[in-house]
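Student: pasted the sequence and its predicted model underneath.
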Amino acid sequence: MNQSQTSTGPILTTDGIPLKVSLKKAERINKIRAFLLVLPLLAFILITFLVPIGDMLARSVDDRQINTVFPKTFEVYKKWDRQGLPSEEVYKTMFFELKNSEGYAVGKASTRMNYSKSGWKSLLKKSKRKFKKIEEGPFKEKMIATDKKWADPEYWLALGQMVDPTTMGYYLNAVDLKYDSSKNIVQQKENRRIYNKTWIKTFKVSLLVTLFCLLLGYPISYLLATLPMKYSNLLMICVLLPFWTSLLVRTVAWMVMLQQKGVLNNLLVMSNLIADENRFQLMYNQTAVVIVMTQILLPFMVLPLYSVMKTISPTYMRAALNLGASPMHAFYKIYMPNSVPGVSAGCLLVFIIAIGYYITPELVGGKDGQMVGNWIAYHLKTTLNWGLCASLGAILLAMMTVLYWAYNKIVGIENIKLG
Amino acid sequence: MRMSQKDSFVKFEKVDKSYDGEILVVKDLNLDVPKGEFLTMLGPSGSGKTTVLMMLAGFETPTSGEIYLDGNPISSIPPNKRGIGMVFQNYALFPHMTVKENLAFPLEVRKMQKSEIDEKVGNALAMVELQDFGNRMPLQLSGGQQQRVALARSLVFEPRLVLMDEPLGALDKNLREQMQYEIKHIHEKIGITVVYVTHDQSEALTMSNRIAVFNDGKIQQISSPDILYEKPNSSFVAQFIGENNQLKGKVKSINGENCIVTTESGDDIHALKINVNNNGDGSLVSLRPERVAINSSENFENNFDAKVKELIYLGDHIRSRVEVCGNDQFIVKIPNSYKEANLKEGSTVKLSWKASDSRALDLN
Ligand SMILES: Nc1ncnc2c1ncn2[C@@H]1O[C@H](COP(=O)(O)OP(=O)(O)O)[C@@H](O)[C@H]1O
Ligand SMILES: [Mg+2]
C-alpha cells in the first residue's frame, strides 16, 4: 500500500510542493482576475435577468393576495367542513375584514377571487358599499339580505382554492383547465378555452417562420459565402439593411404592401391576374404574421448560416466533383452536412425569437394572428392578471429549455456555431 | 523532340489562360505527358502551376487552346466525368466522414457493390498502411496520416491520371521526405500517370521522371532531373535548381559551341555558348559549386586567383565563400580531406574549372 503510494504518488516540484497544489496557486491569481473582469456583467445579468425571472416564477404560483386582506376569515374558514353554508363566525369575520379594509386592497383580492368564481368581484364591491349601514349581527342573515349570492355555497367553496399560499391555478388556466369548487381539475367552459388554441397557433407560426427563413436564407447565405468579396459585401448590406430600419417602420410598410387595397393587391388587380372582388386577404391574419415575421427574422438565420458556410472550404466541393459526384450529389452529401451547425444555430435562434414575438402579431395579426406573447401583454396591461402572465411566460421558458435539451441530445450543442 | 499524339496521354496544345482578361497567367502552353510518367511542374509561387492543374481537372477552362486526354479533347467534359484523381494542397478530406467513408465516396458515386467497395477501401488503406485508422475522423489523424488518406482517396477509384498540387507542403521536413518516397513507390508499383506540382526543387529532383520548370506562365525548360541540373538552358532554371554561381559579363567572342565572356573586373571566362547569340550581349555564366577545383594541378581552361572570405564547416565538406572575377558571393564546396586542412579566411587560393562546366546564359 505504502509502496504503491510512493510510486504513483503526486509529482513534486523542485521546492517539494506537490505539482497540483503549486499549479493551483499559480492559477488562482488568473482566476481572480478573470472573475473580476466578468463581475460587472455578472451583476448586471443577475439584477436585470435572473432576479426578474425568479420573481416571475414565484408570481406564477403565488396565491397570498387574499390572505393579506382576509387573514382572519381564512383562519376560521379552514375549520368549516365545506357542507352547506359556513357558520356565523365566518360571515362575521368576513364582514368586518371587508368593511374595514382599504378599497384598493379589496379590489386586488377580489380580482383574484373572481378567477376562482366569477361574480366575487361585483359581490364584494357592492357589499362593501352596503355594509356601511350595518352595525351589528346577526351578520349571516343581514349579508344574505344585501345580496343573495352570500347564500350560494359555490362562492364559499371557491374560496377553498385560495387557502394555500401557492396555487397551480394560473398554470391550469394557461392550458385551458381550472379547479372546480371541490378542487378537482376540470376543463374550462367551452367558450373560455383560448390558450391551447393560442399555443398551437404560436408553435405553428414559429415553425412556419423558421422554415421560410431557412428556405429563403440558405441560398442567399450560400451565395454570400461563395461570391467574391466585392459582391458579397454589397449583398450582405442588402441583407442587413432591415436591421437598420425601425421595426415599426418596416411593419407599417408591410401593412401598406399587404392590405386589401394595398400595393400588392392593386398590382395583381391592375395586371388582371385577379378580379377586383377577389383581392387576397393578406393583412390582419396569420398569413400576414408569417410573412412579416419571416422578413424581420431573416437576418437571424442568414448570419449564423453565413458564418458557418464561410468556413466550408470550396475545395471540399471541388474534391467531391473530382471524385466523380455530380454537383447536386456533392452539394447534398458534402456541403449540406457541413452547414448543419449553421442551420441548427439559425433555426434555434429564429424559433426562440419567434415563439415569444409580440409586436408584429399585435400590429398585423388581427384577431386570428394573436400569439402567446400578445396574451401575456394583454393580461399584463389590461386585466392585470400577473399570475397568469407569469405562468404563460414560465411555460414558454420551460418549452425553450426542453427544446434546447432535445437539441443538445440530438445534434449536440457543440455543433452550434454562430461564427 | 515532340512526341506523337499517340504517345502523349495528356496533351496541352497552345493553351492560354487569363482570369481577368488583362493578364495571361498561362501563356501558349504546349506539353505532352506520356502514359505512366511522373511529371513535375516546378516553379515559384504565382507562376501558374495550380492554374494548369485546375484546367486539367476541369475546374478552370482554358481561355484558348485545347487539352487532350488519351487523344480526346476534354474541354467540354465536366470535372466529375473526367476520371482524374487529385490530391489537394490541404487534403480536402471531408471532415464529417470517417476515413473509410472518405475512401468509399468515389466508389459509391460510381454505384459499386458494397462488397466491392469494402474490398477496394481495404486495399487502399493497406497501400498507405492505415488499416487501423479506417474508423477515425480525418481531424483525429496527424498531418502525415491525413496526407496518406488523401493519396489513397485519389487512387482508390483507379483513375488513369492523378494530379497532386503541392501535396506535401504542409508537412515537416522528415515526414515530407518519407512521403516523397512513398508516393514515388506507389507510382512505380501501379504505373499510373502522375502530374505533380511543387515549388520545392529538391522534391522535384527526387521524385520525377521529368520536370517542367515554370516561370511567369511559361515552361522554361522541360527535361529529366539530371539534365535540368547539369545543363540548365536559361539563367532562371540555373538559379532555381540547385546551388549555382553566377558571373556577370559581356560576350567577347563566339567560337562554335564555345564562347568567351568578359566580366566587369576584366577577367575572360571560357564557357559553353548556350543562350547567347551575339558578341557584346550581356550574359550570366553559370557554374555549379562542386565543379570548381581548388589549388588543383590539373590543366583546366579557367584559372583564377580568389580570396577566401568565409569558411563554413559542414562536416563532410567545407562551404567556402570567395571573391573571384569581381563576385564576392562565389561559393566553392571543398571536400573535408587532408589536402585543404590549412585553408584560412583571408588567404588567396587558386580556382579552376572546365569550360564545359560553365554555361553562358541569358542575362536575367
Ligand atoms: N481564381 C483566380 N482568380 C484570379 N486570379 C487568379 C486565380 N487563381 C490564380 N490567379 C492568379 O494567377 C496566377 C497564377 O496562380 P497559380 O496558378 O495559383 O500559381 P501557382 O500555383 O504556381 O502558385 C497568380 O498571379 C494568381 O494571382
Ligand atoms: Mg499553387
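Tutor: That came through, no problem. Numbers count the residues shown, from 1 in each chain, chains lettered A, B, ... in the order given. Ligands and ions are numbered 1, 2, ... in the order given.

Student: residue ranges with poor pLDDT in chain B?
Tutor: B:1-7, B:338-342 (pLDDT under 70).

Student: if we use 80, what do you get?
Tutor: B:1-7, B:336-343, B:364 (pLDDT under 80).

Student: how many other residues sit next to A:Pro153?
Tutor: 13 (other CB atoms under 10 Å in any protein chain shown). For every residue, glycine as well, the C-beta is placed using N, CA and C.

Student: could you do B:Gln221 as well?
Tutor: Other residues close to B:Gln221 by other CB under 10 Å number 21.

Student: does it count as helix, strand or coil?
Tutor: Following DSSP: H, G, I helix; E, B strand; the rest coil, the label given to B:Gln221 is strand.

Student: next, the contact list for it, please.
Tutor: B:Ala212, B:Val213, B:Leu228, B:Pro232, B:Asn233, B:Ser234, B:Val237 (CB atoms under 8 Å, 6 or more residues apart in numbering or on different chains).

Student: if we go to 10 Å?
Tutor: The contact partners of B:Gln221, by CB atoms under 10 Å, 6 or more residues apart in numbering or on different chains, come to B:42, B:211-215, B:227-228, B:231-234, B:236-238, B:240-241.

Student: in strands, which of these appear?
Tutor: Among these, the members falling in strands (DSSP state E) are B:Leu42, B:Ile211, B:Ala212, B:Val213, B:Phe214, B:Asn215.

Student: so what sits opposite the fourth one in the bridge?
Tutor: Each beta-bridge partner of B:Val213 is listed here, defined by DSSP bridges: B:Leu42, B:Gln221.

Student: how far off centre is the helix or strand hosting B:Ala152?
Tutor: Take DSSP states H and E as the rule and B:Ala152 turns out to sit in helix B:143-156. Mean-position distance between helix B:143-156 and its chain equals 22 Å (CA atoms, centre = their mean, to the nearest Å).

Student: next, the buried residues of that helix.
Tutor: B:144-156 (16 or more other CB atoms under 10 Å in any protein chain shown).

Student: quick check: which element contains B:Met86?
Tutor: Applying DSSP H and E, one finds B:Met86 within strand B:84-87.

Student: what segments of chain A are strands?
Tutor: Under DSSP E, chain A gives strands at A:177-179, A:185-187.

Student: ligand 1 contacts on chain B?
Tutor: B:Tyr19, B:Val25, B:Gly43, B:Ser45, B:Gly46, B:Ser47, B:Gly48, B:Lys49, B:Thr50, B:Thr51 (CB under 6 Å from any ligand atom).

Student: among these, which one is most surrounded by other residues?
Tutor: For those, neighbours tallied by other CB under 10 Å; top is B:Gly43, 27 neighbours.

Student: one step back: right, and the pair among the residues of chain B next to ligand 1 with maximum separation?
Tutor: Pairwise distances across the residues of chain B next to ligand 1 (CB to CB) peak at 17.4 Å, for the pair B:Tyr19 and B:Gly43.

Student: off-centre distance for the top helix by length along chain B?
Tutor: Longest helix in chain B by number of residues, with DSSP state H as the criterion: helix B:173-190. Relative to its chain's centre, helix B:173-190 lies at 15 Å (CA atoms, centre = their mean).

Student: near chain A at all, it?
Tutor: No. Applying CB under 10 Å from any CB of the partner chain, one finds helix B:173-190 separated from chain A by no less than 17.8 Å.

Student: report the inter-axis angle for that helix versus helix B:143-156.
Tutor: 20 degrees (axes from the mean of the first three to the mean of the last three CA atoms, to 10 degrees).

Student: mind listing what's buried in helix B:173-190?
Tutor: Neighbour counts over helix B:173-190 (16+ other CB under 10 Å) mark B:Leu175, B:Arg176, B:Met179, B:Gln180, B:Glu182, B:Ile183, B:Ile186, B:His187 as buried.

Student: now for residue 254: which residues touch it?
Tutor: Here I'm looking at chain A. A:262, A:264, A:282-283, A:288, A:291-293, A:295-296, A:360, A:363-364.

Student: actually, chain B is the one I wanted.
Tutor: B:Ile260, B:Lys273, B:Val276, B:Asn277, B:Asn278, B:Asn279, B:Asp281, B:Ala360.
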